[in-house]
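Undergrad: 3D, please:
(one chain, ligands or ions: 2)
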Amino acid sequence: MRAASLVAYFTKGSTAFLSRKTLCEQLKRMAHVGTVDNVVVQMKTDVKAIFNAAVDSVLPRQMVHNSLKLSGNVLNVEDRSYMLNHNVHVVGFGKAVGGMIRAVEEEVGDHIVGGVASVPLGTQEALRAKGRGDLLPLPDSKVVLMEGAADNLPDEAAHTAAQRICDQVSSLTAGDLLIVLISGGGSALLPAPVPSVTLQEKQSVTRLLAARGATITELNTVRKNLSTLKGGKLALAARPAQVISLILSDIVGDPLDLIASGPTVPDSSTPQDAINVIHKYDIQDDIPLSVWSYLTRQYQRKSSKDQDFSHVQNVLVGSNSIAVSAAKVCAEKLGYRTLVHSTCLQGEASTVGEMYATMAALLANVFNGRDRIIEKSLFNSLLQKYGVDGSCLRLVLQVAVEAETQKKPVCIISAGETTVTLRGDGKGGRNQEMALATAVAMSRDSILRYESRTQVVFMSAGTDGQDGPTDAAGALADPGQVTRANEQGLAATEFLENNDSYNFYRSADGGQGLVTTGLTGTNVMDIQILTVCGSCDSNL
Ligand SMILES: Nc1ncnc2c1ncn2[C@@H]1O[C@H](COP(=O)(O)OP(=O)(O)OP(=O)(O)O)[C@@H](O)[C@H]1O
Ligand SMILES: O=C(O)[C@H](O)CO
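TA: Ligands and ions are numbered 1, 2, ... in the order given. Below you'll find the predicted structure:
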């Protein structure tokens, strides 16, 4: 039987996996009729299914429904209550806002008098094409959806949307209730630079910082200090209305003041903090003069901030921990012995990729008979070179040993957001870069390279469905990928050095390594899934 028909056999019907016996047994069956390639094909199908389960669990509509409780004309949100009287205004900005508006409409639609929201360019078309119109406002919605910020960069369209949002918010009166819907991507979708700085000038600072590998915390510290709406200023503009802000987190640790640059949350950062970030990345000579003089002027003024946010309720409606739990449930149903390694993965994407290759080797070594000298060296490398926590590594080893005994494959899941320091001028994103770095490192590892009885598949992808300025969500890696690409005349390391992971994956294996989901209508950072199959395929 050929690989393609095997995949069809095992994935027939979306609920097929629920009734399956353990994956191990199935892989053994496959081994009788197929080849190692078939096992890898099945593992790739599985990691995609695990990723999809994670994304499905964090679709925004349900999470907003969970946080709003309507009782007659009273809206209860956590410990606060609001009287509704055709006085609800809605604004939003972020990749998940379409579905958030839909849920608010379903809950309090009769009371909504107007609203405006800013979502990424192409959102409506992408979601309708997928049959996910339920993640968009109702057809007769009173909330105007505006699209902008192509490739996650603030542009004139997003600027216009931000102005409309500002106008809506500034016109509210004491009896009004403003519901603010916030999700990742919101910073680019709500550009409101201070008057002395142009949109292009502000954008150039963000671009320079992102290219040098600045973290989202650092980026948003600078953005907040150059904005008239970020850093709590939107909520202050809404006074005397009351404000409920529903926030879907896409930042490690769920810091409400940084998600979409915290437009409804008190800001503790100062212009000096922004200046420190600019110094740290040594871009003070490259940024526009207007930015530098604004920040230094503000710094010298030392004006104290208006910190009365008593009219505001900020509510976290969801985060990547929900997605990771759903991924774990799915992986277990598919027969994998599963461990969640982290929900706060950070660091340079290519270094994290090397870490995953080392972890794959550690797992493969267990499946191959546990050479203790190799194990110690891999363990120490993960601990010292990549800073992986020792107790976490012991858990990884324990899971591998149990999986080997139970004849199950292993699945290690993590989530978070890495950074990329751009060295070249290629096209890619942090997930594709991480996958390529994992593939390159795995191709150099003797355990993974020469031990064909252990199969490894790694995937990293963004839950928003867009990885950097590309149409892919992420990519899949396996130990043979680099050699196969080489035979096609593609030198993986050159693509990696040029930050050109997208073009590598587009060409290698006929583009099959690319994970393309289209915009998903949600955003809770990135997910990594490492699967290793050992003794299951010992019959091969
Ligand atoms: N050629 C490239 N290779 C690898 N990474 C790149 C490349 N070009 C841009 N990036 C990275 O892509 C990231 C931006 O990606 P993206 O637009 O998906 O942002 P995001 O962080 O997911 O957005 P948000 O959090 O606002 O929703 C930046 O960190 C940038 O360094
Ligand atoms: O919009 C942003 O600032 C990022 O997605 C982090 O929330």
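
Undergrad: so which residue of the stretch 1-150 of the chain comes closest to ligand 2?
TA: For the stretch 1-150 of the chain and ligand 2, the shortest gap (C-beta to the nearest ligand atom) falls at G94, measuring 6.6 Å. Backbone N, C-alpha and C define where each C-beta goes, glycine included.

Undergrad: checking whatever residue of the stretch 1-150 of the chain ends up closest to ligand 1 next. Helix, strand or coil?
TA: Nearest to ligand 1, among the residues of the stretch 1-150 of the chain, is K95, at 5.8 Å (C-beta to the nearest ligand atom). Following DSSP: H, G, I helix; E, B strand; the rest coil, the label given to K95 is coil.

Undergrad: end-to-end on stretch 234-246?
TA: Length of stretch 234-246, first residue to last, C-alpha to C-alpha, to the nearest Å: 14 Å.

Undergrad: just stretch 82-91 next, same as before
TA: 17 Å.

Undergrad: give me the contacts around that stretch.
TA: For stretch 82-91, contacts defined as C-beta atoms under 8 Å, 6 or more residues apart in numbering pick out 70, 73-76, 101, 104, 108, 110-117, 142-143, 165, 168-169, 172, 175-181, 234, 241-242, 244.

Undergrad: sorry, back to before: which residues sit in contact with the residue of the stretch 1-150 of the chain closest to ligand 2?
TA: 119, 181-186, 189, 248, 260, 523.

Undergrad: average pLDDT for the host helix or strand of A364?
TA: Element membership of A364 [criterion: DSSP states H and E] is helix 349-367. Across helix 349-367, pLDDT averages out at 97.

Undergrad: the helix or strand just after that helix - contacts with which helices or strands?
TA: Sequence order places helix 372-380 as the next helix or strand after helix 349-367, per DSSP H and E. Contacting helix 372-380 under the criterion 3 or more C-beta pairs under 8 Å, 6 or more residues apart in numbering; DSSP states H and E are the following elements: helix 349-367, helix 390-406.

Undergrad: make it 7 Å
TA: Using 3 or more C-beta pairs under 7 Å, 6 or more residues apart in numbering; DSSP states H and E as the contact test, the elements touching helix 372-380 are helix 349-367.

Undergrad: which residues of the protein lie near ligand 1?
TA: Counting by C-beta under 6 Å from any ligand atom, the chain comes close to ligand 1 at 95, 152, 184-185, 188, 210, 250, 419-420, 422, 426-430, 433, 462, 464, 466-469, 499, 501, 523.

Undergrad: before we move on, back to that, in the helix holding A364, what counts as buried?
TA: 349-350, 352-367 (16 or more other C-beta atoms under 10 Å).

Undergrad: what of stretch 422-440?
TA: 426-440.

Undergrad: just the CA atoms of it, as CSV, please.
TA: Coordinates of each C-alpha in stretch 422-440 appear next as CSV, following Å, rounded to 0.1, in the frame of the first residue of the first chain:
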residue,chain,number,x,y,z
LEU,A,422,17.5,38.9,11.1
ARG,A,423,20.9,38.3,9.5
GLY,A,424,19.8,37.9,5.9
ASP,A,425,17.2,39.3,3.5
GLY,A,426,15.1,36.1,3.0
LYS,A,427,11.5,35.4,3.7
GLY,A,428,10.3,33.5,6.7
GLY,A,429,8.9,33.6,10.2
ARG,A,430,10.1,32.4,13.6
ASN,A,431,8.2,29.1,13.3
GLN,A,432,9.6,28.1,9.9
GLU,A,433,13.1,29.3,11.0
MET,A,434,12.8,27.1,14.1
ALA,A,435,11.7,24.1,12.1
LEU,A,436,14.5,24.5,9.7
ALA,A,437,17.1,24.9,12.5
THR,A,438,15.7,21.7,14.0
ALA,A,439,16.0,19.9,10.7
VAL,A,440,19.6,21.1,10.2
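
Undergrad: that stretch and ligand 2 in contact?
TA: No. Using C-beta under 6 Å from any ligand atom, we find that stretch 422-440 stays clear of ligand 2, coming within 12.8 Å at best.

Undergrad: from the middle of its chain, how far away would that stretch be?
TA: Put simply, stretch 422-440 sits 16 Å off its chain's centre (C-alpha atoms, centre = their mean, to the nearest Å).

Undergrad: list the residues that contact the residue of the stretch 401-540 of the chain found nearest ligand 1.
TA: Across the stretch 401-540 of the chain, the shortest distance to ligand 1 (C-beta to the nearest ligand atom) belongs to G428, at 3.0 Å. Taking C-beta atoms under 7 Å, 6 or more residues apart in numbering, we find G428 in contact with 468, 470, 499-502.

Undergrad: neighbour-wise, which of those residues leads?
TA: Most neighbours among the contacts of G428, by other C-beta atoms under 10 Å: S501, with 36 neighbours.

Undergrad: in the chain, what helix or strand scores lowest on average pLDDT?
TA: Least confident helix or strand of the chain, by mean pLDDT, DSSP states H and E, is helix 3-11 with a mean of 27.

Undergrad: in the stretch 301-450 of the chain, what residue lies closest to ligand 2?
TA: For the stretch 301-450 of the chain and ligand 2, the shortest gap (C-beta to the nearest ligand atom) falls at E417, measuring 8.5 Å.

Undergrad: please list all residues in contact with the nearest residue to that residue once chain neighbours are set aside.
TA: Spatial nearest neighbour of E417, excluding adjacent residues (C-beta to C-beta, 6 or more residues apart in numbering): M525 at 4.6 Å. For M525, the contacting residues are 250, 320, 415-417, 463, by C-beta under 7 Å, 6+ apart.

Undergrad: run the last query once more with 8 Å
TA: Counted by C-beta under 8 Å, 6+ apart, M525 has contacts 184, 250-252, 320, 415-417, 462-463.

Undergrad: same question, I216
TA: 251, 258, 417.

Undergrad: do I have it right that the last one meets D250?
TA: Pointing back at E417 there. Yes. At 7.5 Å, E417 and D250 qualify as touching, with contact defined as C-beta atoms under 8 Å.
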